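Trainee: just a sequence and a predicted model for now, questions to come.
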Amino acid sequence: MATKEQLIQKRCEPCEGGVPPLTTDAADELMKALHEDWSRTDDGKAIVRDFEFGGYHRTMGFVNAVAWIAESEGHHPDLVVNYGKVRCLWNTHAIGGLSENDFICAAKVDRLFD
């Protein structure tokens, strides 16, 4: 089982499809390395976490930092931004489900928030 620190040390691998998404068991194992607030979506094809902040400027600072992580990894989340709240959803569109990249980026976001 990978730890959060092991995931943080990894880099995302380009994924243009042609590989299967993670199995449920593999995704469940990687979930153990993330903060407990992450969950899988009902269809199991993405992971999601809600973050709360004490103001708009903190919210936008977090969004910008997540964008920096996404750009440096070449892997981009869906973000829903509200005043004081951000929903961050990771999945690998090219394969229609979860890849290790999603967990690498989620671990880096955990480190950012913690």
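Mentor: Now that the structure is in, tell me what you want to look at. Numbers count the residues shown, from 1 in each chain.
Trainee: check contacts around residue 99.
Mentor: Taking CB atoms under 8 Å, 6 or more residues apart in numbering as the criterion, residue 99 is in contact with 15, 19, 21-22, 92. (Each C-beta comes from the backbone N, C-alpha and C, glycine too.)
Trainee: pLDDT at it, what is it?
Mentor: Turning to residue 99, the model gives it a pLDDT of 97.
Trainee: what of residue 12?
Mentor: 94.
Trainee: gap between the biggest helix by length in the chain and the chain center?
Mentor: Determined from DSSP state H, the single longest helix within the chain is helix 56-73. Its chain's C-alpha centre and that of helix 56-73 lie 13 Å apart, by CA atoms, centre = their mean, to the nearest Å.
Trainee: follow-up on the earlier one: and the contacts of residue 99, which is the shakiest by pLDDT?
Mentor: residue 15 (84).
Trainee: can I take it that it is in a strand?
Mentor: No: counting by DSSP: H, G, I helix; E, B strand; the rest coil, one finds residue 15 to be coil, located in no strand.
Trainee: so who does residue 33 touch?
Mentor: 1-4, 6-7, 103, 107.
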